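[1] pasting the structure only:
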Ligand SMILES: NC(=O)C1=CN([C@@H]2O[C@H](COP(=O)(O)OP(=O)(O)OC[C@H]3O[C@@H](n4cnc5c(N)ncnc54)[C@H](OP(=O)(O)O)[C@@H]3O)[C@@H](O)[C@H]2O)C=CC1
Ligand SMILES: O=C(O)C1=N[C@H](C(=O)O)C[C@H](O)C1
């Protein structure tokens, strides 16, 4: 029975993770939210999951390092400084960071990378996402991962080719760019659309999350896989065997 500690336990994902545990041979080892001490939780579990907020990441990683407890980071809205913190922590503990823990998205990433590589730069790539009205970051972490997958398929990076949002007199589309559009509203769990637009034809790849349980099951599976692993930065592909 894996004892999983949850940073962000009172949130939508935290609650979904608690609900997913009994069917997966895992038990909640407690939760930690705003105002709680993250160090106590890190000492009381086999592995941590963090679905909270970017502002909390530094304290959560410090607590995990001090307790030598592996951690799955699912929080999105992370910047370069957060990734530097994760890389530094990965020298001492096992860490898996991903913007999407679902099985279907893992498959979509592989398809997008492959399609981008095969189609080449004559096909324009646009990524659209829609989420519930409470989501606070944009583009979604998943959209950015899809963009990285597309860019890497073309031998590029998102830093070189990403264009987030368009407004006003933008000029015509620059060749080789990857555009992002974000919609927010209602209770949408998470929709992602990747469009490959050629001359006179389009290919559209879509993933629709219908229930947060898919992310929660993936997070529990990732945590169980990570528990007991040596220090290092791991990926969801390794968990899913893709
Ligand atoms: N990787 C994946 O597959 C997925 C990732 N996510 C990401 O997970 C994160 C959480 O999403 P969701 O559950 O919908 O969000 P919620 O707002 O519902 O929950 C966030 C939780 O984190 C806590 N929290 C917020 N700020 C802090 C802080 N500074 N210190 C400690 N705890 C804090 C909140 O506590 P309090 O209630 O006290 O404010 C709350 O319990 C987001 O970044 C989201 O994008 C979401 C779905 C899937
Ligand atoms: O905030 C959410 O809800 C979600 N966040 C993740 C993201 O930013 O990609 C994953 C999923 O789409 C739901």
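    Received the coordinates, thanks. Nothing here was measured: the structure is a model prediction, and the numbers come from that model. Ligands and ions are numbered 1, 2, ... in the order given.
[2] Secondary structure element for the residue nearest to residue 140 when sequence neighbours are not counted, which one?
    Spatially, and ignoring its direct neighbours in sequence, residue 140 is nearest to residue 129 (4.7 Å; Cβ to Cβ, 6 or more residues apart in numbering). C-beta: built from backbone N, CA, C; applies to glycine. According to DSSP states H and E, residue 129 maps onto strand 124-131.
[3] Relative to the whole chain's centre, how far out is that strand?
    Offset of strand 124-131 from its chain centre (Cα atoms, centre = their mean, to the nearest Å): 16 Å.
[4] swap in stretch 222-236?
    How far stretch 222-236 lies from its chain's middle: 15 Å, per Cα atoms, centre = their mean.
[5] do the same with stretch 202-220
    How far stretch 202-220 lies from its chain's middle: 11 Å, per Cα atoms, centre = their mean.
[6] what sits up against it?
    When contacts are defined by Cβ atoms under 8 Å, 6 or more residues apart in numbering, stretch 202-220 is touched by residues 4, 12-13, 16-17, 19-21, 24, 26, 49, 51, 72, 74, 100-105, 108, 111-112, 115, 119, 123, 189-196, 236, 239.
[7] Repeat that for stretch 163-180.
    Residues from elsewhere that reach stretch 163-180 (Cβ under 8 Å, 6+ apart): 121, 124-129, 139, 143-144, 147, 150-151, 154, 156, 158, 161-162, 181-182.
[8] Which parts of this structure are strands?
    Applying DSSP state E to the chain gives strands spanning 2-7, 26-32, 47-50, 71-73, 94-97, 124-131, 162-164, 178-184, 190-197, 202-209, 232-234.
[9] Of the ones you listed, which shows the lowest average pLDDT?
    Between the strands of the chain, the one with the least mean pLDDT is strand 26-32; it has a mean of 91.
[10] Can you point out the buried residues in it?
    Buried residues in strand 26-32, counted by 16 or more other Cβ atoms under 10 Å: 26, 28, 29, 31, 32.
[11] Same check on stretch 57-64?
    Within stretch 57-64, the residues scored as buried using 16+ other Cβ under 10 Å are 57, 60, 61, 63, 64.
[12] now swap in stretch 199-210 and tell me
    Across stretch 199-210, burial judged by 16+ other Cβ under 10 Å covers 205, 207, 209.
[13] Repeat that for stretch 101-121.
    101, 102, 103, 105, 106, 108, 109, 112, 113, 115, 116, 119.
[14] Pick out the residue nearest the middle of this protein.
    Centroid check for the chain by Cα atoms, centre = their mean gives residue 99 as the closest residue, at 0.5 Å.
[15] what's the distance between that residue and residue 235?
    Between residue 99 and residue 235 the computed distance is 12 Å (Cβ to Cβ, to the nearest Å).
[16] next one: residue 100
    Per Cβ to Cβ, residue 100 is found 12 Å from residue 235.
[17] who has more neighbours, these two?
    A count of neighbours by other Cβ atoms under 10 Å puts residue 100 above the other of residue 100 and residue 235, at 26 against 13.
[18] which residue packs closest to that one, ignoring adjacent ones?
    Residue 100 sits nearest to residue 142 (Cβ to Cβ, 6+ apart), 4.3 Å away.
[19] Count the neighbours of the one you found for me.
    25.
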